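[1] Kindly return the folded structure for what I paste below:
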Amino acid sequence: MKLWEEGWQCVFAALSPLADEDLARTVLIRTEPHTVALAIARQVAHYNWHAGQIALIGKHLLGERWNYLTVPPGGSAAFNQKMGVR
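    Residues are numbered from 1 along each chain as shown. This is a model prediction of the structure:
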């Protein structure tokens, strides 16, 4: 968790000095031009990919003891009934 928090501190330290006008500037990622806004979105999507990898590993390690973050497989009908969805 310490490394996780340190990583997010780096992200926010990089984002905090940006102003609105910076978001339209162009930066290069592997020689491909991106607006700063697009570069941020791309990076956040990359973090999401890794979070999914962590969840997948956890699921495999815990097996039946895994607590799903959303509706578990086969649980849609019960969830919909609980939520009053017809």
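[2] Please make it C-alpha for all contacts and neighbour counts, starting now.
    Fine.
[3] Show me the strands in the chain, by range?
    Per DSSP state E, the chain carries strands over the ranges 26-29, 32-35.
[4] now for the last one, which elements pack on it?
    Looking back up the chat, that one is strand 32-35. On a contact count with 3 or more Cα pairs under 8 Å, 6 or more residues apart in numbering; DSSP states H and E, strand 32-35 meets strand 26-29.
[5] Kindly reformat the strands of the chain as TSV and extend each row with mean pLDDT, distance to Phe79 and mean neighbour count.
    Formatted as TSV, these follow (pLDDT from 0 to 100; distance: least, Cα to Cα, whole Å; neighbours: other Cα atoms under 10 Å):
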stretch	mean pLDDT	distance to Phe79	mean neighbour count
strand 26-29	97	42	13
strand 32-35	98	41	13
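[6] Which among those is found nearest to Leu61?
    Among the strands of the chain, the nearest to Leu61 by Cα to Cα is strand 26-29 (34.9 Å).
[7] how close does the residue nearest the centre of the chain sit to Arg65?
    Using Cα atoms, centre = their mean, the residue of the chain that lies closest to the mean C-alpha position is Asn48, 2.7 Å off. Distance of Asn48 to Arg65, given as Cα to Cα, to the nearest Å: 23 Å.
[8] just Arg30 next, same as before
    41 Å.
[9] Looking at the two now, which is surrounded by more residues?
    Arg65 (10 against 6; other Cα atoms under 10 Å).
[10] quick one: contacts for that one?
    If you count contacts by Cα atoms under 8 Å, 6 or more residues apart in numbering, Arg65 has none.
[11] And the pLDDT at it?
    Note for Arg65: predicted pLDDT of 94.
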